[in-house]
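Student: just the structure for this:
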Amino acid sequence: MTYSGALYASEDSSESLESAQLRKIDFHIEQARAQGAARVLDVGCGWGSVLNRLVEVHGVEQAVGLTLSEAQAKWISGRSRGAVRVALESWADHEPDAPYDAIISLGAMEHFAKPELTIAEKIDSYRNFFTRCHAWLKPGGWMSIQAIAYGNLKREDFASSFIAREIFPESEFVRLAEIAEACERRFEIVRVRNDRKDYERTCAIWLEKLRANRAAAVEAASEEVVDHWDRYLDLCVRGWQLGATDLLRIGMRRIDHPRL
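Tutor: Presented below is the predicted three-dimensional model:
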């Protein structure tokens, strides 16, 4: 139920995917300086793994998640303690009732822009996101972001690909330069990692598990759906191997007195 790249201790470690996913979650919580915080926001909270980890392990008083999925919101609400709250809304509409100490966003920025936007329009969208996050955060607050980025891949190549057409038709990968320009005079970029090999390994394990459970997957969905996801994961593994895509993990510190 955690749909983003894991974080392994090393390329040759033998740890399980589950362990590496918890390592990834803990990494972002620590990078956002969220341990023991009063309020933390997770933008694009998925099925709530970060929210629950914040409260159950890292002593956060209230963890707030934003999602556009009714299924995810229902899942989280039905399984989480009172310290976890989920809102069915976009970050563009979010109006918090109190400031946050930290913000985390994993695998969401790929959905903040559409392929038909110009580069300038993409950056404007990201700029709006960072401006809003700046307003939500307390002075000295941190953000931790994870996003798939264009590596050795042209934008037009992705736009015409099977993944863009059939799996994520309204998604657009980021570029590090676009993030840097969009957050200028809002957030200071403190740390950047490119962990594409971790996502390669994650996708390879997902593909292996899908193939091992193909009969059950077909029964739950259909041959066509399973074939789509098999092809998608196989292409993802190849893309990570070739460096066509990167996996950015970025730590940012709020600039408390920006020159506007």
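
Student: sec struct for residue 135, please.
Tutor: Put simply, residue 135 is helix when judged by DSSP: H, G, I helix; E, B strand; the rest coil.

Student: would you verify that residue 54 is located in a helix?
Tutor: Yes: looking at residue 54 with three-state DSSP, it is inside a helix.

Student: residue 63 is in contact with that one, correct?
Tutor: Yes: between residue 54 and residue 63 there is a contact under C-beta atoms under 8 Å: 4.2 Å. For every residue, glycine as well, the C-beta is placed using N, CA and C.

Student: tell me, what's touching the two both at once?
Tutor: Each of 40, 42 lies in contact with both residue 54 and residue 63 under the rule C-beta atoms under 8 Å, 6 or more residues apart in numbering.

Student: please identify the helix or strand for residue 215.
Tutor: Using DSSP states H and E, residue 215 sits within helix 214-220.

Student: contacts for that helix, please.
Tutor: With C-beta under 8 Å, 6+ apart, helix 214-220 has contacts from 210, 225-226.

Student: residues contacting residue 128?
Tutor: Applying C-beta under 8 Å, 6+ apart to residue 128 gives the contacts residue 92.

Student: let's verify it: helix, strand, or coil?
Tutor: Here residue 128 is helix, with the state taken from three-state DSSP.

Student: how about residue 140?
Tutor: Of the three states, residue 140 takes strand under three-state DSSP.

Student: wait, it sits on residue 188?
Tutor: No: Residue 140 is beyond contact range of residue 188, at 11.2 Å (criterion: C-beta under 8 Å).

Student: in which helix or strand would I find the residue nearest to residue 1 when sequence neighbours are not counted?
Tutor: Closest residue to residue 1 apart from its sequence neighbours, by C-beta to C-beta, 6 or more residues apart in numbering: residue 47 at 4.1 Å. Using DSSP H and E, residue 47 maps to neither a helix nor a strand.

Student: what's the pLDDT at residue 47?
Tutor: If you check residue 47, the pLDDT there is 96.

Student: since we're on it, how many residues are nearby?
Tutor: For residue 47, the tally of surrounding residues (other C-beta atoms under 10 Å) stands at 18.

Student: where does it fall, phi/psi-wise?
Tutor: Phi and psi for residue 47, reported as degrees, to the nearest 10, are phi -100, psi 10.

Student: and it, what does it touch?
Tutor: Residues near residue 47 by C-beta under 8 Å, 6+ apart: 1-3, 72, 75-76.

Student: the helix or strand following the helix holding residue 215: how far from the chain's middle?
Tutor: Going down the chain from helix 214-220, the next helix or strand is helix 223-242, by DSSP H and E. With C-alpha atoms, centre = their mean, to the nearest Å as the basis, helix 223-242 stands 19 Å off its chain's centre.

Student: mind listing the helices for the chain?
Tutor: Along the chain, the segments classed as helices by DSSP state H run 17-31, 49-56, 70-79, 119-136, 155-159, 162, 176-182, 196-212, 214-220, 223-242.

Student: quick one: residues contacting the closest residue to residue 235 other than its chain neighbours.
Tutor: Leaving out its chain neighbours, the residue that sits closest to residue 235 by C-beta to C-beta, 6+ apart is residue 163, at 6.0 Å. Counting by C-beta under 8 Å, 6+ apart, residue 163 touches 232, 235-236.

Student: so where's the chain uncertain?
Tutor: 159-160, 164, 167 (pLDDT under 70).

Student: picking that back up, buried deepest among the helices of the chain, which one?
Tutor: helix 49-56 (a mean of 23; mean count of other C-beta atoms under 10 Å).
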